[in-house]
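Asks: The sequence isn't on hand, but the structure is:
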């Protein structure tokens, strides 16, 4: 009986000791959690708010332990980033204001110079051949200067967020037809043939036709400039959510990594290569902004010696989302695109068979690549 009592007492002692030990371990874990885990969670929440753009967020510093040093380091980093971002924002605003002011201020003297240049150009028959040629060069450079000024004004509107769309349901085939007609003379001068592949049914989408034609003009003139006299292929297609057009050339192409740079303002793949169509270097940058205004995508592909391909994808409805492009970006996938849609439906039509209600101009604006 005594041994049973002793064993029971020992069991009760162990039981109470285990319970007390569990409570002690729980209290220690609670204290450690309060001292370590909670500050880490608060730091994570503050870092998330800082990443969302709340640059004034700071961590609370308490004590002199490792967590306090971490909070001090985080606050110093946040203050430095806030200062640098503020400086970049100020610089961007100054740059945008400068471009806008200069573009507007140049309008008046350019108009006066244009009037004087036109007068001199109209009277060039009475001049010496050298002076007459100078008058022609003056008019050509004035045209390029005016185009550059217009592009700068358009860029300033995008930077200021003042660009708006005039949207209506439009057949994309009509935009392509107008662009092809406008560039037929330039293509013939370069020795390139404009080949259009389009479906028989209308390719209708909600768009600002003026801006879309401007995108296509830049893409087509760019392809003619860099196409080395090879055919320029323009393809149209549509699916349930989007319409797309690709402009493919077989010229010099792009080096690896250059496809991500072609939309940079004033960027050129070969600085030593002279422009022959009077481009300003802002065409593709403006085209990218026009595509973004439509909630669309403008993408580029290129390979050295294989040419390049630009793809414009637009949603069919102004408030809809693009689920996939009906045309492949890489010309190696001409059968089907990555989402399985037919890539090139419909007949093949050359630029010579298209008709436009108005005459075709002698040249069109070109964008840098």
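Replies: Received, thanks. Treat the numbers as computed from the prediction; the structure is a model and nothing was measured.
Asks: Please enumerate the helices of the stretch 201-350 of the chain.
Replies: 209-226, 283-293 (DSSP state H, counting those that start in this stretch).
Asks: between those helices, which one is nearest to residue 313?
Replies: For the helices of the stretch 201-350 of the chain, distance to residue 313 was read as CB to CB. The smallest value, 8.1 Å, belongs to helix 283-293. Every C-beta, even on glycine, is put in place using the N, C-alpha and C of the backbone.
Asks: hmm, back to that, just the helices of the stretch 201-350 of the chain: most buried one?
Replies: Comparing the helices of the stretch 201-350 of the chain on average neighbours per residue, with mean count of other CB atoms under 10 Å, the densest one is helix 209-226 at a mean of 24.
Asks: And it, how far out from the chain middle?
Replies: The chain centroid and the centroid of helix 209-226 are separated by 15 Å, computed with CA atoms, centre = their mean, to the nearest Å.
Asks: Just the buried positions in the helix or strand where residue 151 lies, please.
Replies: With the criterion set as DSSP states H and E, the secondary-structure element containing residue 151 is helix 129-160. With burial defined by 16 or more other CB atoms under 10 Å, the residues of helix 129-160 counted as buried are 132, 135, 138-139, 142, 144-159.
Asks: If we go by neighbour counts, what in the next helix or strand after it is buried?
Replies: Using DSSP H and E, the next helix or strand after helix 129-160 towards the C-terminus is strand 168-171. Along strand 168-171, the positions that meet the burial threshold by neighbour count (16+ other CB under 10 Å) are 170, 171.
Asks: orientation of whichever helix or strand comes after strand 168-171 relative to helix 209-226 in degrees?
Replies: The first helix or strand that comes after strand 168-171 along the chain, using DSSP H and E, is helix 172-190. Orientation of helix 172-190 against helix 209-226 (axes from the mean of the first three to the mean of the last three CA atoms, to 10 degrees) gives an angle of 30 degrees.
Asks: pLDDT (mean, whole number) over the helix or strand following helix 172-190?
Replies: The C-terminal neighbour of helix 172-190 among helices and strands, as given by DSSP H and E, is strand 194-197. Regarding strand 194-197, the rounded mean pLDDT is 90.
Asks: Can you give the domain ranges for this structure?
Replies: Residue ranges of the domains in the chain are recorded as 1-83, 84-160, 168-315, according to the TED database.
Asks: Please work out which of those domains is packed deepest.
Replies: For those, where neighbours mean mean count of other CB under 10 Å, the stretch averaging the most is domain 168-315, with a mean of 20.
Asks: low-scoring stretches of the protein, by residue?
Replies: Within the chain, the stretches with pLDDT under 70 are 103, 159-162, 268-281, 331-369.
Asks: if we can go back for a sec, quick one, which of the helices of the stretch 201-350 of the chain is nearest to residue 38?
Replies: Distances from residue 38 to each of the helices of the stretch 201-350 of the chain were compared by CB to CB, and the smallest falls on helix 283-293, at 42.8 Å.
Asks: Quick check: which helices or strands does the closest one pack against?
Replies: helix 129-160, helix 209-226, strand 297-303 (3 or more CB pairs under 8 Å, 6 or more residues apart in numbering; DSSP states H and E).
Asks: follow-up on the earlier one: could I get the helices of the stretch 201-350 of the chain as a markdown table with distance to residue 50?
Replies: Formatted as a markdown table, the entries for the helices of the stretch 201-350 of the chain read as follows, by distance: least, CB to CB, whole Å:
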| stretch | distance to residue 50 |
| --- | --- |
| helix 209-226 | 37 |
| helix 283-293 | 27 |
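Asks: which one of the ones you listed lies closest to residue 186?
Replies: With CB to CB, the closest approach to residue 186 among the helices of the stretch 201-350 of the chain belongs to helix 209-226: 5.7 Å.
Asks: Nearest to the spatial middle of the chain, which residue is it?
Replies: Taking CA atoms, centre = their mean, the centroid of the chain lies closest to residue 288, which sits 4.5 Å from it.
Asks: Now that one: closest residue in space that isn't a chain neighbour?
Replies: Counting by CB to CB, 6 or more residues apart in numbering, the nearest residue to residue 288 once its immediate chain neighbours are dropped is residue 263, at 4.4 Å.
Asks: That neighbour and residue 11, how far apart?
Replies: For residue 263, the distance to residue 11 equals 79 Å [CB to CB, to the nearest Å].
Asks: again, but for residue 105
Replies: Taken as CB to CB, the spacing of residue 105 relative to residue 11 amounts to 96 Å.
Asks: With residue 234 instead?
Replies: The separation that residue 234 has from residue 11, given CB to CB, amounts to 90 Å.
Asks: repeat for residue 294
Replies: Counting by CB to CB - residue 294 and residue 11 are separated by 80 Å.
Asks: how about residue 175, what does it touch?
Replies: If you count contacts by CB atoms under 8 Å, 6 or more residues apart in numbering, residue 175 has them with 209, 212, 213, 216.
Asks: wait, the last one sits on residue 236?
Replies: No - the criterion here is CB atoms under 8 Å, and residue 216 misses it with residue 236 at 10.5 Å.
Asks: thinking again about what came up before, same list (the contacts of residue 175) but as a markdown table, adding distance to residue 302.
Replies: Rendered in a markdown table, the data for the contacts of residue 175 read as follows (distance: CB to CB, whole Å):
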| residue | distance to residue 302 |
| --- | --- |
| 209 | 28 |
| 212 | 22 |
| 213 | 23 |
| 216 | 18 |
